[in-house]
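Trainee: pasted the sequence and its predicted model underneath.
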Amino acid sequence: MESFILNIFLAITFFLSLYVPFFTNNINNVKGAGFQVSLENLFKSSRYDIKNSSVVDAVYVESFFSMNGDLITTVDGSLQPNQTITSNLVDIISLSSDWNGYVIVSSDQEIEVTKQDTLLYDGFFGQTLTESPWFFTTSSDGTYQFDDTNMSNPFLNINIGTSLNSSSTLSSIDTFRIDSQLIKADTRIKLDNNSSYFWGMQGINENGVVGFRLSSTGELQAIVRESNLVPETVFNLSGINVLEWHTYRIETSPFYAKFYIDGTLKTTIETNLPFSKDLNFLVINTSQGISKMISIDFVDLLVYSNVYAISGTVLTDAGLPAANIAMQITPFENTFSTDNAGNYQFTNLFPGSYTINALDSGLNLQPLYQTISIINESIENVDFTLTLPPEDEFFIYLPMLIR
């Protein structure tokens, strides 16, 4: 009887172990023959590095599964000691935004599982660089090819020859407008030398530019230009080795252009934005008399065309409307004064996180501020209570008559 209970206990323990998140976003060492490494809050198109840290035996990583046991993708995961494979789950397009899963590891040796980065939802519906809606151009001596020898997800090599000022381009067929759409573009790129490259949003004949650029002098820059008739705004980015793989994100809205590298915000530019321009997403390398190549692992675009609102009411602690209270929304620093009913509304907002508070920090507002996330609908009833100070006591002083 005791052995039966023990077996039941062990079975339940093993079953529950499949559903306990083994790690979040950090490197973890795991081992065990057929061990099921749990992936907590795995997002679609998440990228994982799997490395054998043993110096003795190889590891074989078999498959990624969802928590209900559905096979998501197989991994060609034969590893020698200290070798790394990368699995990019680009085909996870039918799942919800978050889910739990696990990976089967056929080894009793220690391995590392690293969540390298989380990509945005692919606004091009999971299509790879080998498919529409990408348009490729090369000069007479330029080439592009797909390299699947080093990564489980093939990446694109665009090579340019030695003809002076010749170029090769990867371009989206679709165009976007930053005055009416929120655009987030993640690009994982590796360059082969420190000479002219560009990736980002650009209009025809460079009539409007928002993107990253490696100048001919080897400086990595974030650039914004309203049109080809206006000088560009440039922010120099230091400390980035462009000869290694990095993920570069451009986020644009009608209010700003933000530039991230490997998830870290590097700069925000709020002026000289190219409004009312049709922009393509481009990756360009231009020859300056030397042969060079740009390697692209992925380009993921997230485009929001809908705008939303955040609204609420400010009442006094007596339940009366608080009129003419200047409310502020960040990150835009826009203000809106409450009407006679105490109502306020911020409109033309894109999906994202916003903070609402009173412009006058001296007001006793409860709560002091509220942080609201917009996903795909407007948010109402973001209400505040204003506590008024006690009524002032007035004293009347009668002047003494001096005789």
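Mentor: Done, it's in.

Trainee: what lies in contact with stretch 229-236?
Mentor: 209, 219-225, 259, 266-267, 269, 271-272 (C-beta atoms under 8 Å, 6 or more residues apart in numbering). Where you see a C-beta, it was placed from the backbone N, CA and C, and this is true even at glycine.

Trainee: and the nearest residue to residue 144 once chain neighbours are set aside, which of the three is it?
Mentor: Excluding the flanking residues, the one nearest residue 144 by C-beta to C-beta, 6 or more residues apart in numbering is residue 158, at 4.6 Å. Here residue 158 is recorded as strand under DSSP: H, G, I helix; E, B strand; the rest coil.

Trainee: wait, doesn't residue 158 sit right on residue 286?
Mentor: No: with contact defined as C-beta atoms under 8 Å, residue 158 does not count as touching residue 286 (11.3 Å).

Trainee: between those two, point out the one with more neighbours.
Mentor: residue 158 (24 against 18; other C-beta atoms under 10 Å).

Trainee: quick one, helices of this protein?
Mentor: Taking DSSP state H as the test, the helices found in the chain are 2-17.

Trainee: least trustworthy helix or strand in it by mean pLDDT?
Mentor: strand 28-42 (a mean of 43; mean pLDDT, DSSP states H and E).

Trainee: and the closest residue to residue 357 other than its chain neighbours, what does it touch?
Mentor: Spatial nearest neighbour of residue 357, chain neighbours left out: residue 369 (3.7 Å); criterion: C-beta to C-beta, 6+ apart. Residue 369 makes contacts with 355-357, as judged by C-beta under 8 Å, 6+ apart.

Trainee: highest neighbour count among these?
Mentor: In the contacts of residue 369, the most neighbours by other C-beta under 10 Å go to residue 356, 22 neighbours.

Trainee: partners of that residue in the sheet?
Mentor: residue 329, residue 370 (DSSP bridges).

Trainee: i'd like the first residue to be 564 from this point on
Mentor: Will do, 564 is the new start, and the previous item becomes residue 919.

Trainee: I'd guessed it sits against residue 945; true?
Mentor: Yes: using C-beta under 8 Å, residue 919 is in contact with residue 945, at 5.8 Å.

Trainee: who touches both of these two?
Mentor: 873, 875, 933, 935.

Trainee: hmm, the first one is touching residue 942, no?
Mentor: If I follow you right, that is residue 873. Yes: contact criterion C-beta under 8 Å: residue 873 and residue 942 qualify, at 4.8 Å.

Trainee: more neighbours, the two?
Mentor: residue 873 (22 against 19).

Trainee: how near is that one to residue 923?
Mentor: Residue 873 sits 19 Å away from residue 923, going by C-beta to C-beta, to the nearest Å.

Trainee: one more: residue 943?
Mentor: Taken as C-beta to C-beta, the span from residue 943 to residue 923 is 24 Å.

Trainee: and for the closest residue to residue 915 other than its chain neighbours, the neighbour number?
Mentor: Using C-beta to C-beta, 6+ apart and skipping the chain neighbours, the partner closest in space to residue 915 is residue 937 (6.1 Å). If you count neighbours by other C-beta under 10 Å, residue 937 ends up with 19.

Trainee: give the contact list for residue 937.
Mentor: Per C-beta under 8 Å, 6+ apart, neighbours of residue 937: 871, 873, 912-917.

Trainee: which members of those residues define the maximum pairwise distance?
Mentor: 871 and 916 (12.6 Å; C-beta to C-beta).

Trainee: out of those two, which sits in the busier spot?
Mentor: Ranked by neighbour count (other C-beta under 10 Å), residue 871 and residue 916 place residue 871 first, with 18 against 10.

Trainee: so what's the more buried one closest to, chain neighbours aside?
Mentor: residue 941 (4.4 Å).

Trainee: quick one: the one you found and residue 742, what's the gap?
Mentor: In terms of C-beta to C-beta, residue 941 sits 20 Å off from residue 742.

Trainee: give me the more crowded residue out of those two.
Mentor: Ranked by neighbour count (other C-beta under 10 Å), residue 941 and residue 742 place residue 941 first, with 15 against 12.

Trainee: list the residues that contact that one.
Mentor: Residues counted as contacts of residue 941 (C-beta under 8 Å, 6+ apart) are 871-874.

Trainee: any shared contact partners between residue 873 and residue 942?
Mentor: With C-beta under 8 Å, 6+ apart, residue 873 and residue 942 have common neighbours residue 935.

Trainee: so, low pLDDT: which residues of the stretch 864-966 of the chain?
Mentor: Counting by pLDDT under 70, the stretch 864-966 of the chain shows low-confidence ranges at 868-869, 895-896, 954-966.

Trainee: my read: residue 838 touches residue 744, true?
Mentor: No: Residue 838 is beyond contact range of residue 744, at 11.4 Å (criterion: C-beta under 8 Å).

Trainee: quick one, which of these two is more surrounded?
Mentor: For residue 838 versus residue 744, neighbours defined as other C-beta under 10 Å are more numerous around residue 744 (17 against 12).

Trainee: and that one, how far from residue 908?
Mentor: From residue 744 over to residue 908 (counting by C-beta to C-beta), the distance is 21 Å.

Trainee: likewise for residue 825?
Mentor: The gap separating residue 825 from residue 908 is 37 Å, by C-beta to C-beta.

Trainee: same check on residue 862?
Mentor: For residue 862 relative to residue 908 (C-beta to C-beta), the value is 36 Å.

Trainee: same check on residue 850?
Mentor: 53 Å.

Trainee: neighbour count for these two, which is higher?
Mentor: Shown here are residue 850 and residue 908; by other C-beta under 10 Å, residue 850 has more neighbours (22 against 15).

Trainee: and the nearest residue to residue 934 once chain neighbours are set aside, what does it touch?
Mentor: Sequence neighbours aside, residue 918 is the residue nearest to residue 934 in space, at 4.9 Å (criterion: C-beta to C-beta, 6+ apart). Contacts of residue 918 were listed using C-beta under 8 Å, 6+ apart, and they are 892-894, 932-935.

Trainee: who wins for most neighbours among those?
Mentor: residue 892 (18 neighbours).

Trainee: make sure it is actually in contact with residue 919.
Mentor: Yes: between residue 892 and residue 919 there is a contact at 5.7 Å, judged by C-beta under 8 Å.
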